[in-house]
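Novice: Quick one, what's the 3D model for this:
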Amino acid sequence: MGFLWDLIQHNQISEQTSRADSLEQRVARLEEELLATRRLLLEALGRIEKHLKTDVDGDGRIER
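Specialist: Purely as a prediction, here's the structure:
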């Protein structure tokens, strides 16, 4: 019975490891997407300020 229990536990550990790996991959992908979104937002903000010639984000300057 001990051998069977060891196999079950080993399988559970393997499943948890797989879940953790995929979770780490998902977090890494989300971080990359967040960075890309921030860059896009900053570029869009700069273009809006340039077009409107107005300080949209309140940082005291207008993108040129």
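Novice: my guess is Leu45 meets Val56, correct?
Specialist: Yes - here Leu45 reaches Val56: they are 6.2 Å apart, a contact under CB atoms under 8 Å. The way it works is simple: take the backbone N, C-alpha and C, and place the C-beta from them, glycine included.
Novice: Can you pull out the low-pLDDT segments for the protein?
Specialist: In the predicted model, the chain carries pLDDT under 70 at residues 1, 64.
Novice: Can you show me the helices along it?
Specialist: Along the chain, counting by DSSP state H, helices occupy 2-52.
Novice: Which residues are in contact with the residue nearest to Arg47 when sequence neighbours are not counted?
Specialist: Residue nearest to Arg47 in three dimensions, not counting chain neighbours: Glu63, with 7.5 Å by CB to CB, 6 or more residues apart in numbering. Counting by CB atoms under 8 Å, 6 or more residues apart in numbering, Glu63 touches 45-47, 49-50.
Novice: Any chance of the residues you listed in TSV with distance to Arg39 as columns?
Specialist: Below are the contacts of Glu63 laid out as TSV (distance: CB to CB, whole Å):
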residue	distance to Arg39
Leu45	11
Gly46	11
Arg47	13
Glu49	16
Lys50	17
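Novice: I'd like those residues as CSV, with neighbour count and distance to Thr37 appended.
Specialist: Below are those laid out as CSV (neighbours: other CB atoms under 10 Å; distance: CB to CB, whole Å):
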residue, neighbour count, distance to Thr37
Leu45, 14, 12
Gly46, 15, 15
Arg47, 11, 16
Glu49, 18, 19
Lys50, 12, 20
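Novice: Just name the closest of these to Ser18, please.
Specialist: Using CB to CB, Leu45 is the member of those that lies nearest Ser18, at 40.5 Å.
Novice: quick one, what contacts that closest one?
Specialist: 56-57, 63.
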